[in-house]
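> What follows is a predicted structure for the sequence shown.
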Amino acid sequence: MANKMMNHLKCVIFDLDGTLVNTIEDLGRACDYLLERKSLPLKWSTEDYKNFVGDGAKLLVDRAFEGRLSQAELSEQYELFKKKYNQIKLDNAYVYDGIYELVDYLKKAGLFLAVCTNKPNASAKSMVNALFGEKTFDYVLGAVDGLAKKPDRAMPSAILNALEIKPDECVWIGDSAVDTESAKNLGCPCIAVSWGFRPRKSLEEKCPDFIADKPEDILNFLN
């Protein structure tokens, strides 16, 4: 599949959190801030928060509060989360080893590069611009009102339509079952990465086309 894929590959879609950037500490800190404001115990570990993320920030907040909030309370806490997280999102975030080299190689190969994430859109764009520069990725799309989040195909379809790319001309790279399902719903191959927020076993269960243990593995697979 790798040779066939590279022959007609035009675009690479990346997930953000757990794929390009380790963001878990600041995501957890933003949730702890909300819990602390409510005088609730700060009982979640980094591993807990790794299990909470992936389906959007609103569900992350809901899970941190153990599903005990009303819809009105959840909406209020979600807005507070977005504000707090946007303030601290770069405090501890870092790009995974080998990612800059991978992105640079793909960019020089003439491929379109996109980011599709369930992170709030404003935070996603400002983080990508801060860590990679404004011209590295051709399209960055995070969660916005009125557009169904991953694994629905609405977000990646919007990206491909803007870039005039067909699903079978791209490959998806992500660290979770949400990404594998997103790729399948879109109709493109998926490379799962094991360095992110999910254990390798959970990735294997979703049967991606390939599992990479380090960014270099992605290049070896594509080439």
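Looks like it came in fine.

> Measure how far the longest helix anywhere in the chain is from the centre of its chain, please.
Assignment by DSSP state H gives helix 71-88 as the longest helix of the chain. Averaging C-alpha positions (CA atoms, centre = their mean, to the nearest Å) puts helix 71-88 19 Å from its chain's average.

> cool, and stretch 67-85?
21 Å.

> tell me which residues of it are tucked away?
69, 74, 77-78, 81-82, 84-85 (16 or more other CB atoms under 10 Å). Bear in mind the C-beta positions are built from the backbone N, C-alpha and C, glycine included.

> and it, C-alpha only, in PDB?
Only the C-alpha atoms of stretch 67-85 are listed here, as PDB (Å, rounded to 0.1, in the frame of the first residue of the first chain):
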ATOM      1  CA  GLY A  67     -20.800  14.200  34.100                       C
ATOM      2  CA  ARG A  68     -22.400  16.000  37.000                       C
ATOM      3  CA  LEU A  69     -23.000  19.300  35.400                       C
ATOM      4  CA  SER A  70     -26.300  20.500  33.900                       C
ATOM      5  CA  GLN A  71     -26.100  21.600  30.200                       C
ATOM      6  CA  ALA A  72     -26.200  25.200  31.300                       C
ATOM      7  CA  GLU A  73     -23.400  24.600  33.900                       C
ATOM      8  CA  LEU A  74     -21.400  22.700  31.300                       C
ATOM      9  CA  SER A  75     -21.600  25.500  28.800                       C
ATOM     10  CA  GLU A  76     -20.500  28.000  31.400                       C
ATOM     11  CA  GLN A  77     -17.500  25.900  32.400                       C
ATOM     12  CA  TYR A  78     -16.600  25.200  28.800                       C
ATOM     13  CA  GLU A  79     -16.400  28.900  28.100                       C
ATOM     14  CA  LEU A  80     -14.200  29.400  31.200                       C
ATOM     15  CA  PHE A  81     -12.000  26.500  30.100                       C
ATOM     16  CA  LYS A  82     -11.500  28.000  26.600                       C
ATOM     17  CA  LYS A  83     -10.500  31.300  28.100                       C
ATOM     18  CA  LYS A  84      -8.100  29.800  30.700                       C
ATOM     19  CA  TYR A  85      -6.600  27.200  28.300                       C
END
